[in-house]
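Novice: Have a look at this prediction, sequence included:
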Amino acid sequence: MRRFLERHWYAYAMVLPVVVVIAVLVLYPLAQGVFFTFTNINEANIANPVLDRPASYEGVGFKNYLNVLSGDASYGAFWSTLVRTLIWTFGCVFFHYTIGLGLALLLNRQVKGRTLYRVLLILPWAVPAFISAFAWKYMFNAQYGIINQLLRAVGLPDPVWLGQSDWALFAVIVVNVWLGTPFMMVALLGGLQSIPGDLYEAAEVDGATPWQRFRHVTLPGLRSVSSTVVLLGIIWTFNMFPVIYLIAGPNPNTRILVTYAFERFFSGASRDYAVASTYGVLILSVLLVFATVYRRALRKQGEVW
């Protein structure tokens with residue numbers, strides 16, 4: 001060990017600042033959040049130096065986890081919120097991938113003006129999310145929005161998109177699909193361009209139809225890229241806060257786990273930091289379990305990463 005450290009001390013010296021920054025910005029807040037889940041800490045009993053008030057919160061063991069996992073509505077109805085979160089996540093990622101793959105296939109061809117199309121399709125990704133959210137919120141306005149005006153013009157019913165109904169969840173999914181598709185398109189386009197053209201030529205010589213070439217050449221060639229971007233998409237979408245909150249606000253019909261954690265932490269007469277932290281730990285646990293299962297499934301298919 002001493003010989004190893006003497007030989008590679010400079011590498012550890014280079015890594016040390018990054019480790020310290022990660023520990024301060026990530027590990028310490030994470031450990032503090034986990035600690036809060038075992039207490040009853042809130043706005044009323046947290047330490048307040050301005051008011052010269054010491055901390056008076058107490059340990060409660062696993063009470064917060066039991067209350068949240070019981071599904072009690074006063075604690076956010078965890079299970080129904082989890083189901084809504086899964087619908088939101090997999091709905092968005094499914095359309096991200098399918099639309100992104102379709103656009104990538106179109107842009108991978110030699111078409112006139114391909115560069116211009118690429119720039120135009122990347123614009124939703126380049127525009128800041130809060131600007132896009134406010135623009136879509138105005139378009140979904142029940143009275144003045146352009147979407148309802150077009151529906152009225154053709155004689156179709158004009159729903160209250162962002163009201164207390166399932167239309168609100170549909171609306172935010174549409175917005176998130178519009179925002180996230182360009183990333184998926186760019187990633188898959190890079191994967192398509194890395195597939196050797198000889199494989200397509202050999203398949204065509206063997207008499208493979210376009211569908212067979214797509215199924216047996218394109219999809220296997222995109223497997224490594226697809227597995228990575230789908231996992232990233234699920235993690236990002238599962239924790240997507242700005243789109244939902246900026247467009248629909250604290251709407252029960254669009255509430256997912258991360259937005260409820262935010263509401264519990266920052267809203268109400270007595271901000272409940274303990275329950276909000278409990279939601280944060282449960283969100284992390286769900287994503288860790290999913291990532292582990294997902295990685296094992298890929299390993300069984302021969303993908304190692």
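Specialist: Great, that's in hand.
Novice: in the helix or strand bottoming out on mean pLDDT in the chain, what counts as buried?
Specialist: Lowest by mean pLDDT, DSSP states H and E among the helices and strands of the chain is helix 114-126, with a mean of 79. Burial within helix 114-126, assessed by neighbour count using 16 or more other C-beta atoms under 10 Å, is assigned to 121, 124-125. Any C-beta I mention is one placed from the backbone N, CA and C, and that applies to glycine too.
Novice: Quick one: distance of that helix to the chain centre.
Specialist: From the chain centre to the centre of helix 114-126 is a distance of 22 Å (C-alpha atoms, centre = their mean, to the nearest Å).
Novice: tell me the SS of the spatially most central residue of the chain?
Specialist: Residue closest to the average C-alpha location in the chain (C-alpha atoms, centre = their mean): Thr237, at 1.7 Å. When classified by DSSP: H, G, I helix; E, B strand; the rest coil, Thr237 comes out as helix.
Novice: I'd guessed it sits against Thr85; true?
Specialist: No: taking contacts as C-beta atoms under 8 Å, Thr237 lies outside contact range of Thr85: 9.2 Å.
Novice: now the angle from the helix or strand containing Leu188 to helix 114-126?
Specialist: Under the criterion DSSP states H and E, the helix or strand holding Leu188 is helix 167-193. Between helix 167-193 and helix 114-126, the angle formed by their directions is 140 degrees, by axes from the mean of the first three to the mean of the last three C-alpha atoms, to 10 degrees.
Novice: sorry, back to before: do you know the pLDDT at the residue nearest to the centre of the chain?
Specialist: Listed pLDDT for Thr237 reads 93.
Novice: Report the contact partners of it.
Specialist: Contacts for Thr237 (C-beta atoms under 8 Å, 6 or more residues apart in numbering) come out as 88-89, 92-93, 96, 176, 180.
Novice: got it, and Ala171?
Specialist: Ala171 neighbours (C-beta under 8 Å, 6+ apart): 136, 140, 161-162, 247-248.
Novice: now do Phe4
Specialist: Applying C-beta under 8 Å, 6+ apart as the definition, Phe4 turns out to have no contact partners.
Novice: State the next helix or strand along the chain beyond the helix or strand harbouring it.
Specialist: Under the criterion of DSSP H and E, Phe4 resides in helix 2-22. Sequence order places helix 28-36 as the next helix or strand after helix 2-22, per DSSP H and E.
Novice: Can you give me the buried ones in that next one?
Specialist: Along helix 28-36, the positions that meet the burial threshold by neighbour count (16+ other C-beta under 10 Å) are 33, 36.
Novice: which residues are contacting that helix?
Specialist: Around helix 28-36, the neighbours that count as contacts under C-beta under 8 Å, 6+ apart are 273-274, 277, 280-281.
Novice: and what of stretch 121-135?
Specialist: Applying C-beta under 8 Å, 6+ apart, the contact partners of stretch 121-135 are 103, 107, 175, 178-183, 185-186, 242-243, 246-247.
Novice: And stretch 185-195, by the same measure?
Specialist: Counting by C-beta under 8 Å, 6+ apart, stretch 185-195 makes contact with 97, 99-101, 103-105, 107-108, 121-122, 125, 217-218, 221-222, 224-226, 228-229, all of which sit outside it.
Novice: again with stretch 156-165
Specialist: By C-beta under 8 Å, 6+ apart, the surrounding residues in contact with stretch 156-165 are 137, 140-142, 145, 147-148, 151-152, 167-168, 170-171, 247-249, 251-253.
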